[in-house]
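> Task: produce atomic coordinates for the following.
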Amino acid sequence: MTLLDIPQVHTIDKLSFALPWPERSYQYEISQNENSIQWVAEALPHSPGERGRISGMIVVWVVVDEAHVATIAVHPDFRGLGLSKKLLARGLQAAMLRGAIDSTLEVRSGNRVAQKLYEQFGYQVVGVRERYYRDNYEDALLMTVTGMDAGYLRWLESVIGEG
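Numbers count the residues shown, from 1 in each chain. You can find the predicted model right below:
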């Protein structure tokens, strides 16, 4: 993710979440947060020399040996193609290369699609943050995957290399 990507990333965020991050948050992640990893998925451009359209994004924070998935989203036009899986794999791979051995995230209790994705990566519900989301006071499930080791890293690399 670069500063030039922020307008498209912010559009995806607004289309995906009731409480999107402000553009300045992405600027901070890219320019100032040394613990932040940011990736975008980019659709192929229509013609040579043209930039591709941003189709998805992820931000992961690495704190000591833990990767916290701060946000992940795919543009509605590109959902159902496996981009979230590849973005999560890429973000966790990068975090592991910085020393992460565990990962956490929060997900809306009603977002079963996202929960199923996270379960594929070994995340398990370890707690509930009651009334976490300010728009409707929905609970957040706290999900964690532990023991990310060399075998897990190889699995992530296979996910990234799929299709």
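
> Please count neighbours and contacts with C-alpha atoms only from this point.
Will do.

> Show me where the protein has its strands.
Shown for the chain, the strands assigned by DSSP state E span residues 36-42, 54-63, 66-74, 102-108, 124-129, 140-145.

> Adding distance to residue 115, write those strands out as TSV.
Output for those, formatted as TSV (distance: least, Cα to Cα, whole Å):
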stretch	distance to residue 115
strand 36-42	21
strand 54-63	16
strand 66-74	12
strand 102-108	7
strand 124-129	9
strand 140-145	9
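
> need those in TSV with distance to residue 87, mean neighbour count and mean pLDDT, can you?
Shown next, in TSV, are these (distance: least, Cα to Cα, whole Å; neighbours: other Cα atoms under 10 Å; pLDDT from 0 to 100):
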stretch	distance to residue 87	mean neighbour count	mean pLDDT
strand 36-42	7	20	96
strand 54-63	6	23	97
strand 66-74	8	22	98
strand 102-108	14	21	97
strand 124-129	19	15	98
strand 140-145	16	20	98
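
> and the longest helix for the chain?
Selection of the longest helix in the chain by residue count, based on DSSP state H, yields helix 83-97.

> And that helix, what does it pack against?
In terms of contacts (3 or more Cα pairs under 8 Å, 6 or more residues apart in numbering; DSSP states H and E), helix 83-97 is packed against strand 36-42, strand 54-63, strand 66-74, helix 150-161.

> Indicate which one of these is closest to residue 132.
Closest approach to residue 132 among these is made by strand 66-74 (14.2 Å; Cα to Cα).

> partners of that closest one, with directions?
strand 54-63 (antiparallel), strand 102-108 (parallel) (DSSP bridges).
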